[in-house]
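K.L.:
pasting the sequence and the predicted model now:
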Amino acid sequence: MDIKKSFSILLLIASVAVVGASGYTIYKQTSETHCEACGMLVTPEIKQHIVIVDGSDESHYACCQACMLRLLDPNKGYSTLHIETYCDYYGPEYKITIDSTQNGNNTVTTPETAVILLGGKVVASCANNRIAYNKTASDRLISDGYSAYTMSWQRNPLPQGTPVMPVAMVAKTMAQKGISYTPPSLTFPLLLGGFGVLVLIVSGFTLRRYQ
């Protein structure tokens with residue numbers, strides 16, 4: 001086998017690998033759901049725990065009880081959000097709904113006793129945030145950190161000094177913190193895949209010359 005044919009075969013193999021890698025990258029980026037506020041992977045458990053729609057009934061995704069309100073970002077987010085979740089201590093039977101307009105400046109919570117435990121303000125981590133149905137539930141979460149109804153990835157003690165805040169106050173704070181995540185662009189993997197296909201075609205034609 002001469003050098004030119006060997007080089008064409010190696011080029012063919014490399015181009016197949018490039019096309020495969022770019023295709024896998026595109027698949028990963030389009031099939032996975034990420035928190036629109038911070039970029040964390042949103043699991044089925046999180047989707048079940050936090051349901052968010054905007055004023056046009058379009059669904060959105062956030063990983064925690066603070067990030068869901070960061071979507072009210074006046075620059076990158078949504079003016080109106082309807083959020084359905086439930087108490088991290090009492091569980092799904094104790095539903096909490098949040099209706100926020102004007103980028104968090106007008107927020108109505110049901111029940112009115114619901115509060116957010118913003119542990120992420122003390123130790124920066126989405127794992128340190130909770131929502132509670134009432135003061136009794138928030139006191140128990142401060143004491144115990146979590147319950148059987150808390151999302152599995154948040155089952156850790158809360159930082160000392162975790163603030164307990166009304167949902168409306170947190171909505172304003174988180175709206176100002178805003179969205180920090182920028183979804184990765186598909187431009188590079190698409191270009192790389194296109195280049196790989198082009199090289200694949202050229203190397204294929206070149207090999208035919210040696211048959």
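P.N.:
Happy to help now that I have it. Residues are numbered from 1 along each chain as shown.

K.L.:
OK, contacts around T101?
P.N.:
55, 79-80, 107 (CB atoms under 8 Å, 6 or more residues apart in numbering). Every residue, glycine included, has its C-beta placed from N, CA and C.

K.L.:
at 7 Å what do you get?
P.N.:
79-80 (CB atoms under 7 Å, 6 or more residues apart in numbering).

K.L.:
distance of it from G91?
P.N.:
From T101 across to G91, the span is 28 Å (CB to CB, to the nearest Å).

K.L.:
what ranges do the helices span in this structure?
P.N.:
3-31, 44-49, 67-70, 135-144, 167-177, 187-208 (DSSP state H).

K.L.:
give the other helices and strands that the fifth one contacts.
P.N.:
Helix 167-177 is packed against helix 67-70, strand 106-110, strand 115-118, with contacts defined by 3 or more CB pairs under 7 Å, 6 or more residues apart in numbering; DSSP states H and E.

K.L.:
contacting residues around the residue sitting nearest the centre point of the chain?
P.N.:
Nearest residue to the geometric centre of the chain (CA atoms, centre = their mean): C35, 1.3 Å. The contact partners of C35, by CB under 7 Å, 6+ apart, come to 42, 61-63, 67, 181.

K.L.:
next up, phi/psi of it, please.
P.N.:
Main-chain dihedrals, C35, degrees, to the nearest 10: phi -60, psi 130.

K.L.:
if anything else comes up later, I'll come back, but that's it for now.
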